[in-house]
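Novice: Any chance you can model this:
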Amino acid sequence: MSHLFWLDQERRNRIKHMFPKPHGVARADDRKVLSGIIHVIRNGLRWRDAPSDYGPHKTLYNRWARWSHMGVFTRILTEVAAQGDATGALKIDATHLKTHRTASSMGLKKGGGGRLIGRTKGGLNSKLHAVTDAVGRPIQLFLTAGNVSDYIGARALLPSLPSADWMLADRGYDADWFREGVKEKSITRCIPSWRNRKNAIQHDTKVYRSRHKIENMFGRLKDWRRFATRCDRCPITFLSAIALAAAVLFWL
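Specialist: Model (predicted):
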C-alpha cells in the first residue's frame, strides 16, 4: 500500500495540524484520503474512477469538497510558502486554463454566473494570476475569468506582496499605478516598457532573464491534468486543486 501514498509521513506531519479534527466516529485515514485526492487531481480522473485502494470515491469527493470550502488547501499553501526565504526577486504573471464542458455546461440559475469562466479567442477558460519567489515557487494565487485583464489580478495581489529586492514582470504589467504600488513597498521594479510609451523606462536586462522561472512554474502545474483543464464547476474547489498541486510540487 505504501506505493500509493503521494506524501510520506514526514511531509504529512508538516500539514496535518491544518486539517479539521474528527468529531464522534473516527473517520477514514486522512493520509490515504489525501493521497486519493492528489491521485485524482494529478491524473485528471473522474472521482468515480479513483482506485479502490484509496477508499470509496464518495468519501474522497465529500472530503475534498468539505475541506475546500473550509479553506484547508489554500491555507496549506499559504503557511508552507510563508516558511520560504527565497524572496529576493518576486515574479508575477498569469496563465489561461482551458475549461472542460462539464465545468461550463449548466445555466446561470445553477451558479454559472459566478464560476469565474470567461470567453476569449481560445474559447471558454479561466485565468490564474500568480506571484512566485526568486526560485519560481508560487506564494500567492488569484483566480479570475479568462477574459479579465492581468491588471485585475495585479491589483488583488499587490497589497499582500512580501518584502523583496526586485519585482519582475513582463510589459503587460507596465502601468504607472502598478509601478508606484511596487515602489511603495520598497521593491525595485524590473518591467519592460510598452513600445508606445512616450518616455521609455529602462530595466535591468540581466535580472530580467530569471523571469522565465514563473513560466516554468505554470508548465509544471499544468502537468496536473485537472489543473491544465478545468473540470470543476465551483471556483473554490478549482482554486483548492491549484493550491494543493502547488504545495505538493514546490513546497512539500
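Novice: was I right about residue 201 contacting residue 194?
Specialist: No: contact criterion CB atoms under 8 Å: residue 201 and residue 194 do not qualify, at 9.6 Å. Bear in mind the C-beta positions are built from the backbone N, C-alpha and C, glycine included.
Novice: list residues touching both of these two?
Specialist: Residues touching both residue 201 and residue 194 by CB atoms under 8 Å, 6 or more residues apart in numbering: residue 174.
Novice: Just list what the one helix or strand residue 73 maps to packs against, helices and strands only.
Specialist: Taking DSSP states H and E as the criterion, residue 73 maps to helix 72-82. Helices and strands touching helix 72-82, as assessed by 3 or more CB pairs under 8 Å, 6 or more residues apart in numbering; DSSP states H and E, comprise helix 9-15, strand 138-145, helix 235-250.
Novice: Out of those, flag the one nearest residue 85.
Specialist: strand 138-145 (11.3 Å; CB to CB).
Novice: okay, the angle between that closest one and helix 235-250?
Specialist: Here the directions of strand 138-145 and helix 235-250 differ by 150 degrees (axes from the mean of the first three to the mean of the last three CA atoms, to 10 degrees).
Novice: Touching strand 138-145 from outside, list them.
Specialist: For strand 138-145, the external contacting residues (CB under 8 Å, 6+ apart) are 74, 77, 81-82, 84, 87, 116-118, 126-133, 152-153, 156-157, 160-162, 217, 221, 235, 238-239, 242-243, 246, 250.
Novice: now swap in stretch 40-49 and tell me
Specialist: Contacts for stretch 40-49 (CB under 8 Å, 6+ apart): 6, 39, 50, 57-58, 60-61, 64, 224-229, 231, 241, 244-245.
Novice: Kindly tell me how buried residue 172 is, as a neighbour count.
Specialist: A total of 16 residues lie near residue 172 under the criterion other CB atoms under 10 Å.
Novice: From residue 229, how far off is it?
Specialist: 24 Å (CB to CB, to the nearest Å).
Novice: And for residue 120?
Specialist: Residue 120 is 15 Å from residue 229, by CB to CB.
Novice: Same check on residue 103?
Specialist: From residue 103 to residue 229 the distance is 9 Å (CB to CB).
Novice: For these two, indicate the residue with more neighbours.
Specialist: residue 103 (23 against 15).
Novice: in the host helix or strand of residue 64, what's buried?
Specialist: Here residue 64 sits within helix 57-69, counting by DSSP H and E. Neighbour-count burial for helix 57-69, counted by 16 or more other CB atoms under 10 Å, picks out 57, 59-61, 63-65, 67-68.
Novice: same check, this time on stretch 145-153
Specialist: Neighbour-count burial for stretch 145-153 [16+ other CB under 10 Å]: 145-146, 148, 150, 153.
Novice: Helix or strand next in line after the helix or strand of the chain with the lowest mean pLDDT, which one?
Specialist: For the chain, counting by mean pLDDT, DSSP states H and E, helix 101-104 ranks last in confidence among helices and strands (a mean of 79). The element immediately downstream of helix 101-104 (helix or strand, assigned by DSSP H and E) is strand 118-120.
Novice: so what strands line up beside that next one?
Specialist: strand 123-132 (antiparallel) (DSSP bridges).
Novice: where does the partner strand sit relative to the chain's centre, distance-wise?
Specialist: On the basis of CA atoms, centre = their mean, to the nearest Å, the separation between the geometric centre of strand 123-132 and that of its chain is 9 Å.
Novice: for it, what is the average pLDDT?
Specialist: Mean pLDDT, strand 123-132: 94.
Novice: picking up where we left off before, put together TSV for the helices and strands packed on helix 72-82, with mean pLDDT and distance to residue 21 on each row.
Specialist: Formatted as TSV, the helices and strands packed on helix 72-82 follow (pLDDT from 0 to 100; distance: least, CB to CB, whole Å):
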stretch	mean pLDDT	distance to residue 21
helix 9-15	84	14
strand 138-145	96	26
helix 235-250	95	20
